[in-house]
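J.: model the following, please.
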Amino acid sequence: MPTEKQVLWITGASMGIGAHVATLAAEQGWTVAASARSKDKLQELAAGESGNGRIQPYPVDVTDRKAVTETVARIERDLGEINRAVLNAGTHADMPVEEFDAEACARIFDLNLSGTANCVDPLLERFLARGRGHLGLVASVAGYRGLPRSAAYCASKAGVIAFAESLASEVGHRGIKVQVINPGFVRTPLTDKNPFPMPYLLEPDDAARRIWRGLEGTSFEVAFPKRFTAQLKLLRNLPYPLYFAAIRKATGLA
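T.: Numbers count the residues shown, from 1 in each chain. So this is what the prediction gives:
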């Protein structure tokens, strides 16, 4: 339990992993500022018994930089200093090459990568001034290497991983903790649309517990499930010809 009032800001909190992390943090005694585009879903989350009255809704579209900056300022006016931020807002779209769409790619990049930067901007300004703060950036194991039917999603999540690495290398010695969170497959409305088998599929409450344990730890990367991430990291080290052959076979394209 926190020894003093601590404030968590989480984006993408209206459903799935984000909603479960928000609830878990509230159960742990944190004051939670929950953000997403859906005001109704956030209000429903805040009104739930599991929130212990500690979840406050702050609707915002993270692709709107000005609105994000204003929301961060409003959270701190209302609740106090943000101690930890979990930047979880993101989306995915199945995109085989026959249906490649540059506009759809731009929407994914805008939310997954630029949306993360929009949130980091006002947070980092405050964290640097205070000499403390904690950023958890949600990427994905899909950011390790390019996967079929997921060019835009993989690129955006690889970008978040590199973004987190760059930040951590600069601010780790300045009192600011940066972590990247790389989940495997988690059952959500987005993954329910996947037209392929998903190995080691986790429920969102299980994923939330793993994320929270990781945030409480010291490792830069919070990745799970371990067996799956180990397999993917092995694939990451394969030469391209071997990787392409392996991933085609694994996804039924061979």
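
J.: where do the strands of the stretch 101-250 of the chain begin and end?
T.: Under the criterion DSSP state E, counting those that start in this stretch, the stretch 101-250 of the chain contains strands at 133-138, 176-183, 221-224.

J.: distance to E99, mean neighbour count and mean pLDDT added to those, as a markdown table?
T.: C-beta here means a position set from N, CA and C on the backbone, and glycine is covered the same way. Output for these, formatted as a markdown table (distance: least, Cβ to Cβ, whole Å; neighbours: other Cβ atoms under 10 Å; pLDDT from 0 to 100):
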| stretch | distance to E99 | mean neighbour count | mean pLDDT |
| --- | --- | --- | --- |
| strand 133-138 | 26 | 23 | 98 |
| strand 176-183 | 25 | 23 | 98 |
| strand 221-224 | 30 | 20 | 97 |
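
J.: now tabulate the ones you listed in CSV and tack on distance to D94.
T.: Shown next, in CSV, are the strands of the stretch 101-250 of the chain (distance: least, Cβ to Cβ, whole Å):
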stretch, distance to D94
strand 133-138, 20
strand 176-183, 18
strand 221-224, 23
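
J.: nearest to S38, of those strands?
T.: S38 lies closest, by Cβ to Cβ, to one member of those: strand 133-138, at 17.9 Å.

J.: partners of the closest one in the sheet?
T.: strand 82-87 (parallel), strand 176-183 (parallel) (DSSP bridges).

J.: not counting that strand itself, show me its contacts.
T.: Residues external to strand 133-138 that are found in contact with it (Cβ atoms under 8 Å, 6 or more residues apart in numbering): 12, 17, 82-88, 90, 116, 120, 123-124, 126-127, 160, 163-164, 167, 175-181, 183, 211, 215, 222.
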